[in-house]
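Asks: Have a look at this prediction, sequence included:
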Amino acid sequence: MDNKKLIAFRSLIIAAGATVAASFVGVYGVMIGATAAEMGWLQSSSNSLSNLGQILWGRISDRVGKRKPFLVSGSVILAVLWFLLPYSRTPVNLIVLYSLISIFSAMITVNWYSFIADNIISERGRFLTLINDIASAGTIVSLIAMVFILAKYPDDVVIPFSTAAASYVISAVTVFKFKESKSKSVMTRNLYKTLKNLKNNNAFYKYFRATNIQSFFWSMAWPMFPITIVSIMHFSLEIVAVLTISSTLTMLLTQYIIGKFIDKVNRVPIIFLNRIMLSGIPLMYAFFNILPLFILLEIYSGFIGSIQNTVTTSYTLDIVPQNNKAEYISILNGFNGMVYFFGALTGGYLLTLFLSIEPLKIALLLSYLIVFAGRFLSSFLFRGLIEENSGGRNNSVLSILFKPKGAGSPSGAVIHPR
């Protein structure tokens, strides 16, 4: 079996296993009694380490010059960690284990896109679209299966987490069969110099600044989403799977059409409108009180999430310098990771503060209103972005590395396993 088929197969397996399991982690944290502050630590540490780790692992693997050893060893380690996750039993143990999963997922991510960059040369953009569609289909089919399985075994997180572990065992075997070409460096050798020259790229710097400011308010809501799902709405894991299907399926069905439309227009107004629309999700979580409305929320989230993925990835890859794409995207992800850490942590402690004076429902309402205000006002920073005419919307392999966080996942914003 050639590399293309092996890559597609691995993408399908990970999407059906680890990607699906990640959507239950935040909910599981609430189920085992995590406080608002502990949920802040869970979301902040996992997402920040996932992003920051890409810079570290990218430089290490560049020096080694091979991707397969990292992909195989990382898969084995992740299989063990996912297997242990349902037995964590306490919020602190869950935070530690999921942070480790985030670190090694970052190792997989940066070496995964680098391997594809090194070994898939012809029709790379079309191939990336294909494997992304395969992965999305695998996620949806697996989630549908989870609905029926979890209906029979309610609240049994061992099922999705063990499936994730199995997917990484299969991944390790699959990656071992890859035929690896000589690795090409994807990082520049002088990170400090790149940071120093960041302001010289006006288009990127404006986007970099706007993204990091809004990311703070963006991540504040992540600890609140699963608390609302479990403690206010009392949704089971089966319902969480249904909600995730709603958003994922909507995204899959609309992303291609949106991508074709966006290729013909100025992206800056769409980015601004998209950010305004995304700011409404905390309000929906605050005021929706029945399952059909939450399904509608997830459909809305999937639709605007597909706009976000298509526009933001395309725009970002077009405004970074041609010879420094990996470096700039890693810097963007790294800084976002630091902002995510403080944002999610602030959101958790903000909710804790309100809980000391108000009941849970009112405390969540007040917290969501603050998040909405911050998201909405910071959206106006995106009005000043500069549209770059790069001669075509960029379908670089680096789109695998750069993925905006989920808009309104019922489990909170989680890492996207690769």
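Replies: Structure's in. What do you need?
Asks: can we go C-alpha only for contacts and neighbour counts from here?
Replies: Will do.
Asks: Mean pLDDT per helix and strand in the chain: which one sits at the bottom?
Replies: Between all helices and strands in the chain, the lowest mean by mean pLDDT, DSSP states H and E belongs to helix 191-196, at a mean of 70.
Asks: quick one: the helix or strand harbouring Val76 to chain centroid distance?
Replies: With secondary structure defined by DSSP states H and E, Val76 is part of helix 68-84. Between the centre of helix 68-84 and the centre of its chain there are 19 Å (C-alpha atoms, centre = their mean, to the nearest Å).
Asks: Run through the residues that contact the closest residue to Ser181 other than its chain neighbours.
Replies: Closest residue to Ser181 in three dimensions, ignoring its sequence neighbours and counting by C-alpha to C-alpha, 6 or more residues apart in numbering: Asn119, at 6.1 Å. Neighbour list for Asn119: Asn3, Glu180, Ser181 [criterion: C-alpha atoms under 8 Å, 6 or more residues apart in numbering].
Asks: now those residues: which count as buried?
Replies: Under a neighbour-count criterion of 16 or more other C-alpha atoms under 10 Å, the subset of the contacts of Asn119 counted as buried comprises Asn3, Glu180.
Asks: Reformat the contacts of Asn119 as a markdown table; add pLDDT, distance to Ala407 and secondary structure.
Replies: Compiled in a markdown table, these are given as follows (pLDDT from 0 to 100; distance: C-alpha to C-alpha, whole Å; DSSP: H, G, I helix; E, B strand; the rest coil):
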| residue | pLDDT | distance to Ala407 | secondary structure |
| --- | --- | --- | --- |
| Asn3 | 84 | 33 | helix |
| Glu180 | 78 | 36 | coil |
| Ser181 | 72 | 37 | coil |
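Asks: quick one: the nearest residue to Phe204 once chain neighbours are set aside and Lys4, what's the gap?
Replies: For Phe204, the nearest residue in space outside its immediate sequence neighbours is Ile319; the separation is 5.7 Å by C-alpha to C-alpha, 6+ apart. Distance, Ile319 to Lys4, by C-alpha to C-alpha, to the nearest Å: 29 Å.
Asks: Tell me which of these two has more neighbours.
Replies: When Ile319 and Lys4 are compared on other C-alpha atoms under 10 Å, the one with more neighbours turns out to be Ile319, at 22 against 15.
Asks: Output the below-cut-off pLDDT ranges for the protein.
Replies: Judged against pLDDT under 70, the low-scoring parts of the chain cover residues 62, 121-125, 182-192, 263, 322-326, 388-404.
Asks: What's the first helix or strand after the least confident helix or strand of the chain?
Replies: Next helix or strand after helix 191-196 toward the C-terminus (DSSP H and E): helix 202-220.
Asks: Outside of that following helix itself, list whatever touches it.
Replies: By C-alpha under 8 Å, 6+ apart, the residues outside helix 202-220 that reach it are 44, 198-199, 316, 319-320, 332, 335-336, 339-340, 342-348, 371-372, 374-375, 378-379, 381-382, 384-388, 413.
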